[in-house]
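Chemist: have a look at this prediction, sequence included:
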Amino acid sequence: MRFRNPCPRWSAAAWVLAALPGLRAPAHEHLAAGALTSEAGAALLFVNAANFAAESGYVVPLTESIAGPYAGWHHAELAFVCQAATPDFGGPAPFHPVLGARIEAVIETIDGPAGGRFGFWETPGDAAMATELTFDLPVGTTDGTSRFPVSENDGAPGADPYGHIHGRVFSGSLPGLYRIGFRFVDTSANGPGGGPLHPPSPRYALFFQAGITIASVADLPSGPEVTFAAVNDHQYVLEASPELGAGALWTPVGEPVTGDNRLHRLQASPVTDLRFYRLRRDPL
């Protein structure tokens, strides 16, 4: 397939692709699969994990739809690519898998809002954007096996592992911060004994943010620390109030945060009485 809740004390109101030779400069996110070395037996890896994996703080923003194929979902297009091995596809690129490898991504774990589901959309042919829900998994999944191809080959011996597939869509059913655990696997049968040429990658994680939510609050001795995702083109203000309701007086906590598709943490002053917290988002 190819496709060019208020509660006491706090409330949840509420590509920068690494410059790698052989990868085209994109205008949006490209998550690159590769191998530790370009030799059979080397483990697969997430080449630009430093830019996009959860440890980097990067967050994929999901936009809510109320009509069309994504109605009821928060969604975003996201492209997974695989480093090319031959000049036919702009290679050889650093960290490319060996010829004959066929790389896929397996979604193994889903963390996020209780009752939520995380979906993957794909449409055969040349659709600009996927419109068919291929699979969706519930929050709480710990042993998922759903997968999708990253390479564009059919696993034939000697085939370039290259892949650059656009139009795929990822989605969350409820507002919240989703942490998706996945790994790259080689599903070819061109290795020893008819097995793969590369062992799987370690498990990596990606953050996806649906809607305006507070991800977590840590009640530290130095004061509550609030974590939230701030997406591009918006400014975020954390506010606190001793009460809820129409007459509540909300005051800012810390300085406004300019969205940059990353997780942010703000710390409030220590309190001894009841406090509610909310997150306000304004367009820039």
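Modeler: Yep, that arrived. Numbering: from 1, shown residues only.
Chemist: residue 72 and residue 65 touch, don't they?
Modeler: Yes - using C-beta atoms under 8 Å, residue 72 is in contact with residue 65, at 7.4 Å. Heads up, the C-betas are built off the backbone N, CA and C, glycines and all.
Chemist: residue contacts, residue 281?
Modeler: 212, 234, 235, 236 (C-beta atoms under 8 Å, 6 or more residues apart in numbering).
Chemist: what's the pLDDT at it?
Modeler: Model confidence at residue 281, given as pLDDT, is 93.
Chemist: ok, now how distant is residue 158 from residue 164?
Modeler: According to C-beta to C-beta, to the nearest Å, residue 158 stands 19 Å off from residue 164.
Chemist: between those two, point out the one with more neighbours.
Modeler: The neighbour comparison of residue 158 against residue 164 (other C-beta atoms under 10 Å) goes to residue 164, with 21 against 11.
Chemist: these two touch, right, that one and residue 79?
Modeler: Yes - Residue 164 is within contact range of residue 79, at 7.2 Å (criterion: C-beta under 8 Å).
Chemist: now list whatever residues contact both of the two.
Modeler: Jointly contacting residue 164 and residue 79 under the rule C-beta under 8 Å, 6+ apart are residue 30.
Chemist: tell me the spacing between the spatially most distant residue from the centre of the chain and residue 241.
Modeler: Centroid-distance maximum for the chain: residue 247 at 38.5 Å, with C-alpha atoms, centre = their mean. Residue 247 is 10 Å from residue 241, where distance means C-beta to C-beta.
Chemist: contacting residues around the residue lying closest to residue 195 once chain neighbours are set aside?
Modeler: Once flanking residues are discounted, residue 195 sits nearest to residue 189: 6.8 Å by C-beta to C-beta, 6 or more residues apart in numbering. Residues counted as contacts of residue 189 (C-beta under 8 Å, 6+ apart) are 155, 195, 196.
Chemist: which of those residues has the most neighbours?
Modeler: Among the contacts of residue 189, residue 196 has the most neighbours (other C-beta under 10 Å), with 23 neighbours.
Chemist: give me the three-state assignment for that one.
Modeler: Under DSSP: H, G, I helix; E, B strand; the rest coil, the three-state class of residue 196 is coil.
Chemist: and residue 55, by the same measure?
Modeler: helix.
Chemist: confidence score at residue 19?
Modeler: Per-residue confidence at residue 19 stands at 31 (pLDDT).
Chemist: actually residue 16, sorry about that
Modeler: For residue 16, the model assigns a pLDDT of 26.
Chemist: cool, and residue 219?
Modeler: Reading off the model, residue 219 has pLDDT 84.
Chemist: i'd like the first residue to be 163 from this point on
Modeler: Okay, residue one is now 163; in that scheme the one you just asked about reads as residue 381.
Chemist: give me the number of residues near it?
Modeler: By the measure other C-beta under 10 Å, the count of residues near residue 381 is 10.
Chemist: what does residue 416 give?
Modeler: Neighbours of residue 416 under the rule other C-beta under 10 Å: 14.
Chemist: can you tell me how far it is from residue 439?
Modeler: Taken as C-beta to C-beta, the span from residue 416 to residue 439 is 11 Å.
Chemist: what do you get for residue 219?
Modeler: Residue 219 is 21 Å from residue 439, by C-beta to C-beta.
Chemist: compare those two and say which is more crowded by neighbours.
Modeler: Using other C-beta under 10 Å as the criterion, residue 219 and residue 439 rank with residue 439 on top: 24 against 15.
Chemist: mind listing what's buried along the helix or strand that contains that one?
Modeler: Assigned by DSSP states H and E, residue 439 belongs to strand 438-445. For strand 438-445, the neighbour count (16 or more other C-beta atoms under 10 Å) marks 438, 439, 440, 441, 442, 443 as buried.
Chemist: for the fifth one, which non-adjacent residue is spatially closest?
Modeler: The one in question is residue 442. With C-beta to C-beta, 6+ apart, the residue lying closest to residue 442 is residue 399, at 4.6 Å.
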